[in-house]
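K.L.:
I need the structure of the sequence given here:
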Amino acid sequence: MSKYEPLWKYLQDSGSSTLKLTYSEVETVLGFPIDHSFLNAKKEAAVFGYTVGKISMKEKHVTFHKGEKHDG
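P.N.:
Numbers count the residues shown, from 1 in each chain. Predicted structure coming up:
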């Protein structure tokens, strides 16, 4: 089990087609601070029907999309 699995399950349970979460919200779901390993783990979201879209370092948020890959 990946340490990010709680996040992927959270997305799946939300049922939203697009979900924009702040870093703080992601960290609350996970129970630990996100770091660069998140960039390597983001492909795991596909198993749960989601892709990781935009990761904004400036605005400190991550956008997730249900289904196929979205850019931006």
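K.L.:
Give the residue farthest from the middle of the protein.
P.N.:
Lys58 (16.7 Å; Cα atoms, centre = their mean).
K.L.:
Need the three-state assignment for that residue.
P.N.:
coil (DSSP: H, G, I helix; E, B strand; the rest coil).
K.L.:
State the distance from it to Tyr23.
P.N.:
The gap separating Lys58 from Tyr23 is 11 Å, by Cβ to Cβ, to the nearest Å. (Each C-beta comes from the backbone N, C-alpha and C, glycine too.)
K.L.:
Then Lys42?
P.N.:
Distance from Lys42 to Tyr23, by Cβ to Cβ: 14 Å.
K.L.:
can you check Val29 too?
P.N.:
11 Å.
K.L.:
CA atoms of the helix or strand of the chain at the bottom of the mean pLDDT ranking as CSV?
P.N.:
Ranking every helix and strand in the chain by mean pLDDT, DSSP states H and E puts helix 37-41 at the bottom, with a mean of 93. Extracted in CSV, the C-alpha atoms of helix 37-41 (Å, rounded to 0.1, in the frame of the first residue of the first chain):
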residue,chain,number,x,y,z
SER,A,37,7.9,12.0,-3.4
PHE,A,38,4.4,13.1,-4.3
LEU,A,39,5.6,13.9,-7.8
ASN,A,40,6.7,10.3,-8.2
ALA,A,41,3.5,8.9,-6.7
